[in-house]
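Colleague: Okay, sequence plus prediction incoming.
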Amino acid sequence: MAEKEQANRAVTDFIWNIMEIHSQLEAIHKSWAEMLGMTEPQWLILMAIDELDQGRGVSGIAVANKLRIHPAFVTNQTKKLENMEFLTRVTSPDDARFLQISLTQKARTEITKLSDKRQALYSTMFGGLDDESLHYLNRRLASIAKNSRLASQKLNIGVL
């Protein structure tokens, strides 16, 4: 019984650690957003576009999927970011029903201005980990994320 309690304690500790990390990341993203005069969700949309864009723009659906938010919210916020001159939205050459969203030069310039602070932040956050440890941790977290999605689906359909 003690072994099962230890395992449960380890899982509980892990979940609370993830909750704490999530809370701190929200505060960090809010700070970055405020520096650029936007909301935290808008900042996350910019970061998702920066991550996903391979030079041809990215669809709002891809951004919504990356951030696990509703596509209509992405549409609403990207319109605001376009008005702020952080994004361009152009009709997809492949399908006129979709827009391809890209960062503007203004957005890239502002993100670059933050790069030194971001690097210092990352050094503080991950200072105790070498590259190999960080890669290992990312592989384990990706596996846990995949298993969490499966567990959530099972819970939603009543299998668990």
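Modeller: Yep, that arrived. Predicted, not measured: the structure shown is a model, and the values here were computed from it.
Colleague: how near is Arg68 to Ser115?
Modeller: 26 Å (C-beta to C-beta, to the nearest Å). (Glycine included, C-beta is placed from N, CA and C.)
Colleague: I meant to write Glu26 there.
Modeller: From Glu26 to Ser115 the distance is 21 Å (C-beta to C-beta).
Colleague: Have a look at these two and say which one is more surrounded.
Modeller: Neighbours were counted for Glu26 and for Ser115 using other C-beta atoms under 10 Å; Glu26 has more, 12 against 9.
Colleague: what about the helices in the chain?
Modeller: For the chain, the helices defined by DSSP state H cover 2-35, 40-52, 60-67, 71-83, 105-113, 115-126, 131-156.
Colleague: Where does the prediction get shaky in this protein?
Modeller: Within the chain, the stretches with pLDDT under 70 are 1.
Colleague: Export only the CA atoms of stretch 134-151, formatted as PDB.
Modeller: Provided in PDB are the C-alpha atoms of stretch 134-151 (Å, rounded to 0.1, in the frame of the first residue of the first chain):
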ATOM      1  CA  LEU A 134      16.100  19.600 -21.600                       C
ATOM      2  CA  HIS A 135      15.600  17.500 -24.700                       C
ATOM      3  CA  TYR A 136      14.900  14.500 -22.400                       C
ATOM      4  CA  LEU A 137      12.400  16.500 -20.300                       C
ATOM      5  CA  ASN A 138      10.600  17.700 -23.500                       C
ATOM      6  CA  ARG A 139      10.300  14.100 -24.800                       C
ATOM      7  CA  ARG A 140       8.800  13.000 -21.500                       C
ATOM      8  CA  LEU A 141       6.400  16.000 -21.300                       C
ATOM      9  CA  ALA A 142       5.300  15.400 -24.900                       C
ATOM     10  CA  SER A 143       4.500  11.800 -24.000                       C
ATOM     11  CA  ILE A 144       2.600  12.900 -20.900                       C
ATOM     12  CA  ALA A 145       0.700  15.500 -23.000                       C
ATOM     13  CA  LYS A 146      -0.300  12.800 -25.500                       C
ATOM     14  CA  ASN A 147      -1.400  10.500 -22.800                       C
ATOM     15  CA  SER A 148      -3.300  13.300 -21.000                       C
ATOM     16  CA  ARG A 149      -5.300  14.000 -24.200                       C
ATOM     17  CA  LEU A 150      -6.200  10.300 -24.400                       C
ATOM     18  CA  ALA A 151      -7.200  10.200 -20.700                       C
END
